[in-house]
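In: coordinates only, sequence not included:
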Ligand code: ZN
């Protein structure tokens, strides 16, 4: 089965549409949290995911928009985006978000937003954090988001190998355990502003990363219209 694996969509509908087109055809969609926050179309993004019957987990921005965690934990720009997002969620959208678990398991895959140790807040961005994370899940593979950077950590004979996938990178999943990050759809932070997503093929046990152009200016215009913080608008052009 071909599964589109997406994370950190952050209310950016044009980016989501572009990634979905680039990953087609797929039979299932898994998302790794931070569906909303930062971006100007939280409800539209949730509606699109519901249309695809997306499975997945909740992220720190989703939890904050639902009022489950204090927005004072966020920096000023993220906090004001979370507060605006909270006002935009209609009942059905809110209920759908509220039903997302912090952790999910499907076959050999564990799904979390942050890390298997701390699904909401911890970033798996380095080999030492990855080494500790491998102890916190029991399946062969773990899918994470949160860093907004496509990354792989693979256990190899007691060592942790780090890979930085780019557009078109493919990886075969073998007996080595791995933590895989698809990168961010709606707010990439690795210096490449193109939307990012991953295709997982559970028949061939391969993963492939794709980077796609989308109409960044359209999202930025919508953000300005609803008065989201200028720094959040600008960073989309830079991919930072
Ligand atoms: Zn995020």
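Out: Everything's here; your move. Fair warning: this is a prediction, and the values are worked out from it, not measured in the lab.
In: Residue 1 - how many residues pack around it?
Out: Residue 1 has 10 neighbours, counted by other Cβ atoms under 10 Å. Every residue, glycine included, has its C-beta placed from N, CA and C.
In: need the contact list for it.
Out: Contacts for residue 1 (Cβ atoms under 8 Å, 6 or more residues apart in numbering) come out as 27-28, 201-203.
In: Please list the members of those residues that lie in strands.
Out: Here DSSP state E is the test, and the contacts of residue 1 give 28, 201 as lying in strands.
In: Could you export the contacts of residue 1 as CSV, including distance to residue 178, pLDDT and neighbour count?
Out: Converted to CSV, the contacts of residue 1 look like this (distance: Cβ to Cβ, whole Å; pLDDT from 0 to 100; neighbours: other Cβ atoms under 10 Å):
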residue, distance to residue 178, pLDDT, neighbour count
27, 22, 97, 9
28, 20, 98, 16
201, 15, 98, 15
202, 14, 97, 17
203, 18, 97, 7
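In: between the contacts of residue 1, which is nearest residue 10?
Out: Using Cβ to Cβ, residue 28 comes nearest to residue 10 of those, at 21.4 Å.
In: OK, contacts around the closest residue to the closest one other than its chain neighbours?
Out: Of all residues not flanking residue 28 in the chain, residue 3 sits nearest, at 4.6 Å (Cβ to Cβ, 6 or more residues apart in numbering). By Cβ under 8 Å, 6+ apart, residue 3 lies in contact with 26-30, 199-202.
In: which one of those residues is nearest the ion?
Out: Of all these, the ion sits closest to residue 30, with 15.8 Å by Cβ to the ion.
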